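Sequence first, predicted coordinates after that:
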Amino acid sequence: SYKTNTRINSMAFSAYTKYKGKHVTFKLMGFYGGDTYDLTMLGGYVVTDVVDPLKGFVSYTPSCVASTWFDLHTNGKKFQYGIFGGYTRNLGPKDMVKGGSVYVRGFDIGHVWRMSGRFIYNVNNFRLAPEIEYTAAGYATEWGDNFNVTKSSEVGNFRFLVGFYYFF
């Protein structure tokens, strides 16, 4: 058995802004990062090359992802209306890959997007909050030279949910 000191370097950047007016609140966020598996996002790392085949030493590169989302809602005390939208893109490996193992969540997913609308009704300590949501994921149908998704086929679903809250 051999010991290696091989490491993977990756970074993540995010930007967030919020506007809260008298009647509406708007939020917007953008994100870019590599090896984002620990953030429960698409991503991870890929073996780029076999450095020493006798010892099994390899080098790695992060799989990168970019995402953005927005949320717009009214600020009523009794009634609130809101809309949410988000998009995530799998950008693939950062460096050129010569073949090897892939340790990536959603490696075959090119993109994911979601739109949802909600209504909130508040009465005393109770809240009723129905929501409708559509989510779609683009699964790879063609791959590029560097294991990145170049064409995809979308699979989507509607989801209806209702939240009942009691605040004490």
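That came through fine.

Torsion angles phi and psi at the residue most central in space within the chain?
Centroid-nearest residue in the chain: M41, 4.4 Å away (criterion: Cα atoms, centre = their mean). Per-residue torsions, M41: phi -110, psi 170 (degrees, to the nearest 10).

Contact partners for the closest residue to it other than its chain neighbours?
Closest residue to M41 apart from its sequence neighbours, by Cβ to Cβ, 6 or more residues apart in numbering: V65 at 5.7 Å. To be clear about C-beta, it is placed using only N, CA and C from the backbone, and glycine gets the same treatment. Listed by Cβ atoms under 8 Å, 6 or more residues apart in numbering, the contact set of V65 reads 31-34, 36, 41-43, 88-91.

so where do the strands sit in the chain?
12-20, 24-34, 43-52, 57-74, 79-93, 102-105, 109-123, 126-143, 149-166 (DSSP state E).

Tell me which of the ones you listed sits nearest to S1.
Closest to S1 of those is strand 57-74 (Cβ to Cβ; 12.3 Å).

Go through that closest one and flag the buried ones.
58-67, 69, 71, 73 (16 or more other Cβ atoms under 10 Å).

Same check on stretch 12-23?
Neighbour counts over stretch 12-23 (16+ other Cβ under 10 Å) mark A12 as buried.

Quick one: residues in contact with it.
By Cβ under 8 Å, 6+ apart, the surrounding residues in contact with stretch 12-23 are 25-34, 36, 39, 74-75.

which among the residues you listed gets closest to F168?
N75 (22.8 Å).

Need the pLDDT of the closest residue to F160 other than its chain neighbours.
With Cβ to Cβ, 6+ apart as the criterion, F160 has its nearest non-adjacent residue at 5.5 Å, and that residue is I132. Looking at I132, its pLDDT stands at 99.
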